[in-house]
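Asks: I need the structure of the sequence given here:
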Amino acid sequence: MNQSERPELGNHTLLTEFVLSGLSNHPELQNLLFFTFCLIYTFTITGNLLFFIATVHPNLHMPMYFFLRVLSFLDVSTASIVVPKMLVNFLSEERRISYVGCATQLYFMLLFFCLGTCTFFHVAAMSFDRYVAICRPLHYTTIMNNRFCFQLVLACWAVSFLLMSPPIIMIAQLPFCGPNVLNHFYCDTSQLLQLSCTDTWFIEGLMFILLIIIVPGTLTITVISYGCIIITILHMPSSSGRKKTFSTCSAHLVVVTVFYSTSIYRYNRTAQRGGQGSDKVLSFFFSVVTQMLNPYIYSLRNNQVKRALKESMSKNLTPHTYAGNTIQP
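Replies: Have a look, this model is predicted:
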């Protein structure tokens with residue numbers, strides 16, 4: 001009997017291991033891919049860490065930067081679940097993963113999907129924050145107080161784990177009869193559903209309903225918020241005021257565009273159940289590249305963040321007290 005098989009479930013032979021195809025099947029590219037993605041992961045960790053250090057500055061204790069700190073944590077956590085295993089696979093000749101190992105990775109993917117789902121809700125919460133700041137400026141400090149912001153983030157986490165736990169747990173308990181090749185760089189849920197030797201219509205239907213609730217639902221909140229923001233900006237009398245106001249949410253708009261465009265394209269193809277090379281590229285872009293870009297997008301044109309980072313680093317690197325310029329909120 002093949003070591004990758006075990007007798008069980010009536011006449012079916014259940015798998016005990018899977019083979020991950022990875023991002024490329026060309027051996028000569030493995031070292032290059034390892035160093036490339038190692039560099040990307042380093043930029044992700046470094047960028048988010050520096051951004052987190054900058055936004056804990058006393059003069060940046062505002063709701064917007066609180067949400068950005070949480071987003072940095074989500075970005076680092078999401079990338080850390082996927083990338084280390086990818087780097088190991090690049091250096092390994094055999095990309096086999098046991099059934100237990102795949103189930104374990106799937107439970108880690110539960111955290112990954114919960115973090116990804118939480119990011120959808122979090123991006124929507126950030127859109128609401130920008131709406132209140134621009135459209136209801138006189139009530140901003142009253143509405144977006146510390147308690148409400150904390151409760152909003154906590155609700156995002158709670159709803160994400162509540163929604164994503166049932167389907168992931170059910171997938172981890174499915175029997176698999178073969179073939180055992182997963183055309184991905186991790187135990188992708190869509191491919192595991194395809195390899196299962198039982199009917200998975202209920203799980204697929206449940207995941208489709210959840211995607212309908214999460215992606216269009218949070219996108220609707222974001223679109224409505226920015227619709228109101230655009231109307232408010234257009235009614236401003238001065239062009240300089242319109243430009244300055246729009247610049248405060250331009251970075252968030254870039255992140256929203258990148259995040260939702262890749263997500264919708266990737267998860268709108270559920271009927272195909274994975275298996276194509278483009279799925280791996282989109283999954284990598286969704287789970288790694290956007291996490292690397294976020295801190296650089298937010299800090300690229302944000303002079304407040306740049307000055308705060310410079311002041312924080314100067315305080316830590318010099319033995320005497322640093323008297324920097326006051327950062328205007």
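Asks: show me the helices in the protein, by range?
Replies: 30-55, 63-90, 99-135, 140-143, 146-172, 189-195, 201-234, 239-267, 277-284, 290-300, 303-317 (DSSP state H).
Asks: now tabulate those helices in a markdown table and tack on distance to residue 181, mean neighbour count and mean pLDDT.
Replies: C-beta: built from backbone N, CA, C; applies to glycine. Listed next are those as a markdown table, based on distance: least, C-beta to C-beta, whole Å; neighbours: other C-beta atoms under 10 Å; pLDDT from 0 to 100:
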| stretch | distance to residue 181 | mean neighbour count | mean pLDDT |
| --- | --- | --- | --- |
| helix 30-55 | 18 | 17 | 86 |
| helix 63-90 | 14 | 20 | 80 |
| helix 99-135 | 12 | 20 | 77 |
| helix 140-143 | 52 | 13 | 87 |
| helix 146-172 | 18 | 16 | 84 |
| helix 189-195 | 9 | 21 | 76 |
| helix 201-234 | 20 | 16 | 86 |
| helix 239-267 | 21 | 16 | 74 |
| helix 277-284 | 13 | 16 | 67 |
| helix 290-300 | 28 | 21 | 75 |
| helix 303-317 | 45 | 16 | 71 |
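Asks: residue 20 is nearest to which of these?
Replies: Closest approach to residue 20 among those is made by helix 63-90 (6.2 Å; C-beta to C-beta).
Asks: got the angle for the closest one vs helix 290-300?
Replies: Orientation check (axes from the mean of the first three to the mean of the last three C-alpha atoms, to 10 degrees): helix 63-90 against helix 290-300 gives 140 degrees.
Asks: if we can go back for a sec, make CSV from the helices of the chain and add distance to residue 19 to it.
Replies: As requested, these are exported to CSV (distance: least, C-beta to C-beta, whole Å):
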stretch, distance to residue 19
helix 30-55, 15
helix 63-90, 11
helix 99-135, 11
helix 140-143, 53
helix 146-172, 18
helix 189-195, 11
helix 201-234, 23
helix 239-267, 23
helix 277-284, 14
helix 290-300, 27
helix 303-317, 44
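Asks: any idea of the pLDDT on residue 276?
Replies: pLDDT for residue 276: 56.
Asks: please name the residues that touch residue 126.
Replies: 64, 67-68, 71, 252 (C-beta atoms under 8 Å, 6 or more residues apart in numbering).
Asks: go through these and name the one nearest residue 202.
Replies: residue 71 (33.4 Å).
Asks: how about the helices of the chain, which one is nearest residue 21?
Replies: helix 277-284 (8.2 Å).
Asks: circling back to that earlier point, list just the nearest of the contacts of residue 126 to residue 44.
Replies: Among these, and counting by C-beta to C-beta, the member closest to residue 44 is residue 71, at 12.7 Å.
Asks: so that closest one makes contact with residue 121?
Replies: No. The pair residue 71 / residue 121 is not scored as a contact, 11.3 Å apart, by C-beta atoms under 8 Å.
Asks: related to what we said a few turns ago, of the helices of the chain, which is nearest residue 18?
Replies: helix 99-135 (5.4 Å).
Asks: how close does residue 36 get to residue 80?
Replies: 18 Å (C-beta to C-beta, to the nearest Å).
Asks: quick check: the gap between the residue lying closest to residue 204 once chain neighbours are set aside and residue 120.
Replies: Leaving aside its chain neighbours, residue 204 sits nearest to residue 193 (6.2 Å; criterion: C-beta to C-beta, 6 or more residues apart in numbering). According to C-beta to C-beta, residue 193 and residue 120 sit 22 Å apart.
Asks: thought residue 171 was touching the residue nearest to residue 204, still the case?
Replies: Yes. Assessed by C-beta under 8 Å, residue 193 is found in contact with residue 171 at 6.8 Å.
Asks: and for those two, which residues touch both?
Replies: residue 203.
Asks: so what's the residue positioned nearest the centre of the chain closest to, chain neighbours aside?
Replies: Note on the chain: the residue nearest the mean C-alpha position is residue 116, at 4.3 Å, using C-alpha atoms, centre = their mean. Distances taken as C-beta to C-beta, 6+ apart put residue 78 closest to residue 116, at 6.3 Å, once the chain neighbours are dropped.
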